[in-house]
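Asks: Need a 3D model of the following:
(chains A and B)
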Amino acid sequence: MKVFTAILRFRTNGPSGIYDLTDALRGVIKASGVEEGLAWVSAKGATPALLIVRDDAVGEVVRCVEKLFPAIPPGEPWEHGNAYAHLRSTVLSTLKALPIIGGELALPDGYGLYFLETRPVQNHLRQVVVQVHGPSPSA
Amino acid sequence: MSGGTLIKVVKVRVKSSGYGVEDLTETVKDVVRVEGLKEGLVAVFTPEPGCSVTMIEYEPGLMKDLERVIREYCGANPALAEVLVGKFAAAPVVNGEVALGTFKHFILVDLSRRAGVKEVLITLEGIHGDTEVQD
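Replies: Predicted structure coming up:
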């Protein structure tokens, strides 16, 4: 078995900043040399989320998530100041896995892997771990 | 790259009051360390009915907020919570460390109303030995 790890670092603005990681992910897969396997993608931190989503639906998805866990909920406020950010992260997940076939990411045209910044931050450093799992290189 | 493949499922038992949250993070880190996973994935799952596994900051106020969301969105039905909160969470292991960030924890959410010992399955998949990290 081969495990190839790369860490993507980038700066975000929020709330609801959205960042397309698809090209960076393809670059890691290429660098890994894995032809057949699985790419695990994991955002560090307790408030971001990763989405596999149709490119032209990103805005709608973000609005849906904001409605599901609003910053100011109806009735009582949240106990934890930025609970909405944590809940969006927890339910959407900071982890995704995508298959690799023939050395290529198995994503249909028009879809991407996106990072959602849920906090009201400026120029915030984020890290995403990409780990490519595949068979051992043949000797 | 050298190092052997490691694929192993470790069963752990967690005491629970039957309604609440247990922090699994140190247990997960211990299993990764003891089994010697250097580069790979640690996946956490619970087969227990009425129990969920997820990742979140483990802070009392936020646990109340999570309970509120479960109550408002899932009513009193633990089966709905198992879907909304999930039965599974996982994180990469990089150079022997579980890559979580500062505040993210693995937790067990138990809504079963049955006190006792709950089973959690921790699956390790990857390499023990030398590693390859592109940074």
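
Asks: Every contact and neighbour count from this point should use C-alpha atoms.
Replies: Fine.

Asks: Kindly provide the distance from the residue most central in space within chain A to chain B.
Replies: Nearest to the geometric centre of chain A sits A:Leu50, at 2.5 Å (C-alpha atoms, centre = their mean). Distance from A:Leu50 to chain B, counting by C-alpha to the nearest C-alpha, to the nearest Å: 13 Å.

Asks: From the rest of the structure, what touches the longest helix seen in chain B?
Replies: Criterion DSSP state H: the longest helix present in chain B is helix B:60-74. Contact with helix B:60-74 is made by A:78-80, A:83, A:87, B:21, B:80-81, as judged by C-alpha atoms under 8 Å, 6 or more residues apart in numbering or on different chains.

Asks: Which secondary structure elements does the helix or strand containing A:Lys30 sit against?
Replies: A:Lys30 is part of helix A:22-32 when elements are defined by DSSP states H and E. Secondary-structure packing of helix A:22-32 (3 or more C-alpha pairs under 8 Å, 6 or more residues apart in numbering or on different chains; DSSP states H and E): strand A:2-12, strand A:104-105, strand A:111-117, strand A:124-134.

Asks: Now do the same contact list for residue 93.
Replies: Going with chain A. Applying C-alpha under 8 Å, 6+ apart to A:Ser93 gives the contacts A:49-50, B:55.

Asks: should've been chain B
Replies: Per C-alpha under 8 Å, 6+ apart, neighbours of B:Val93: B:37-42, B:99.

Asks: quick revisit: buried sites along the longest helix of chain B?
Replies: Across helix B:60-74, burial judged by 16 or more other C-alpha atoms under 10 Å in any protein chain shown covers B:62-67, B:69-70, B:74.

Asks: in the chain, what spans have low per-residue confidence?
Replies: No chain specified, so I'll use chain A. Of all residues in chain A, those with pLDDT under 70 make up the ranges A:139.

Asks: actually chain B
Replies: Using pLDDT under 70, the flagged stretches of chain B are B:1-3, B:129-135.

Asks: what are the ranges of the strands in it?
Replies: Remark: strands assigned in chain B by DSSP state E are B:4-16, B:20-23, B:39-45, B:51-57, B:88-94, B:97-98, B:104-110, B:116-128, B:133-134.

Asks: so what strands line up beside the third one?
Replies: Strand B:39-45 sits in its sheet next to strand B:88-94 (antiparallel), strand B:116-128 (antiparallel), going by DSSP bridges.

Asks: what does that strand rub up against?
Replies: By C-alpha under 8 Å, 6+ apart, the residues outside strand B:39-45 that reach it are A:3, A:5, A:131, A:133, B:28, B:32, B:53, B:87-96, B:98, B:120-128, B:131.

Asks: Any idea how many residues pack against the residue nearest to B:Ala79 when sequence neighbours are not counted?
Replies: Of all residues not flanking B:Ala79 in the chain, B:Gly50 sits nearest, at 6.2 Å (C-alpha to C-alpha, 6 or more residues apart in numbering or on different chains). Residues within reach of B:Gly50, counting by other C-alpha atoms under 10 Å in any protein chain shown, total 21.

Asks: same thing with the one 5 residues further on?
Replies: The local packing count at B:Met55 equals 30, with neighbours defined by other C-alpha under 10 Å.

Asks: hang on, it packs against B:Lys104?
Replies: Yes. The pair B:Met55 and B:Lys104 passes the contact test of C-alpha atoms under 8 Å, sitting 6.1 Å apart.

Asks: Mind listing the shared neighbours of those two?
Replies: Residues touching both B:Met55 and B:Lys104 by C-alpha under 8 Å, 6+ apart: A:Ala46.

Asks: Checking A:Val34 next. Helix, strand or coil?
Replies: Using DSSP: H, G, I helix; E, B strand; the rest coil, the secondary structure recorded for A:Val34 is coil.

Asks: quick one: A:Glu104 and A:Arg9, what's the gap?
Replies: 22 Å (C-alpha to C-alpha, to the nearest Å).
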